[in-house]
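Peer 1: whatever this is, show me its structure:
(one chain, ligands or ions: 1)
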Amino acid sequence: MRRDEGQFFDDDLMNAIRGSFACVESDPYCGKRIYLENAGGALKLKSVVEVVSELTALPDNAGRDNPASQETDAIIASGTEDVRTFLGARSGTIALGESTTSNVFKVLGSIIHYVPGDNVVTTNLDHPATFDATRILAERLRKQWRVAQLCREAGIVKPEAILEQIDTNTVVLALIHSSNILGTSNDVKTIIAEARKLKPDLYVLVDGAQRAPHQLVNVEELGCDVYLASSYKTFSKIGASVVYLSQRAADQSDGVVIWLPFTVRWAAVIQFSGACLDCYGGARAS
Ligand SMILES: Cc1ncc(COP(=O)(O)O)c(C=O)c1O
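Peer 2: Here you go, the predicted structure:
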């Protein structure tokens, strides 16, 4: 099939892409099948499977004074730098946890506990990871829970719908970047800039679980305090999701959010995403 007939890549490139993934054509349980999953994020790169297997076999832990442990420390450091590149994070801290959902709970738990204010704002476009976390934590910590409403025609939450919920007592705004249900993207950069006109030191958490796999992110340009992405949504392993924390968010989360298991090789994913972006003409987004 040709491009004008619906084919984006030539056969060689398409075969190279398909060949990069494990279990595309068939799986050990169903046999041959056509794979239509997308947002769920279950496909894994073969290079990730290889690296995870190699590193899991290492008979040592981080932080010890011997060659295997030192190599482990070096891998953690280079993985952290890869994540910085992936999220455009020149400042702040990168941390890892088992999932975006658990990371949202941990980070928001600290922020809502420590930052003064009486209300928490989210949107009804948000995934349960953020929607439920804000509701549960607001209830537990006796804050008002405010939900900005989706514009059904546009499929996004418009900046004005969020701004009308923000005031000088808002502890945190937690919102989704790209929707797992609609595939639409909120104008997070504008929302953050406008919200900080209402409360200059407002904390903002952005759920990037569905954005980071599809467009390059620049947390510095967005101006958020927290940005979350799940490794398994970017063809990597399940059980290792990343968080960018601005320095002040890291300080609020003191002692709560520092875990660095070493089994993610973001370089493999970044390399693959880079190849795809080249195919699309090198798009760069904020
Ligand atoms: C937009 C969005 N946020 C958060 C999550 C939750 O991620 P995790 O499974 O890592 O907790 C998902 C998972 O589908 C998602 O699509």
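
Peer 1: the protein: strands as residue ranges?
Peer 2: Listed in chain order, the strands found in the chain under DSSP state E are 21-22, 26-27, 31-32, 44-45, 93-97, 119-123, 144-148, 170-176, 203-207, 226-230, 241-245.

Peer 1: identify all contacting residues around the longest one.
Peer 2: Strand 170-176 is contacted by residues 104, 108, 111-112, 115-123, 125-127, 130, 133-134, 143, 146, 148, 157, 162, 166, 186, 188, 191-192, 195, 198-199, 202-207, 210 when judged by CB atoms under 8 Å, 6 or more residues apart in numbering. C-beta coordinates here come from the backbone N, C-alpha and C atoms, glycine included.

Peer 1: same thing but at 6 Å, please
Peer 2: 111-112, 115, 117, 119-123, 125-126, 130, 134, 195, 199, 203-205, 207 (CB atoms under 6 Å, 6 or more residues apart in numbering).

Peer 1: within reach of the ligand, which of these are there?
Peer 2: When contact is defined as CB under 6 Å from any ligand atom, the contacts of strand 170-176 meet the ligand at Asp207.

Peer 1: the domain parsing of this protein - what is it?
Peer 2: Segmentation of the chain into domains, based on automatic domain parsing, reads 3-36, 77-272.

Peer 1: so for the shortest one, mean pLDDT?
Peer 2: Summarised as a single mean, pLDDT over domain 3-36 is 84.

Peer 1: ok, Ala148 - contacts?
Peer 2: Ala148 neighbours (CB under 6 Å, 6+ apart): Thr123, Val157, Ala161, Ile162, Gln165.

Peer 1: okay, these in TSV with neighbour count, distance to Glu5 and pLDDT next?
Peer 2: Below are the contacts of Ala148 laid out as TSV (neighbours: other CB atoms under 10 Å; distance: CB to CB, whole Å; pLDDT from 0 to 100):
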residue	neighbour count	distance to Glu5	pLDDT
Thr123	25	39	98
Val157	25	37	98
Ala161	18	41	98
Ile162	25	42	98
Gln165	20	47	98
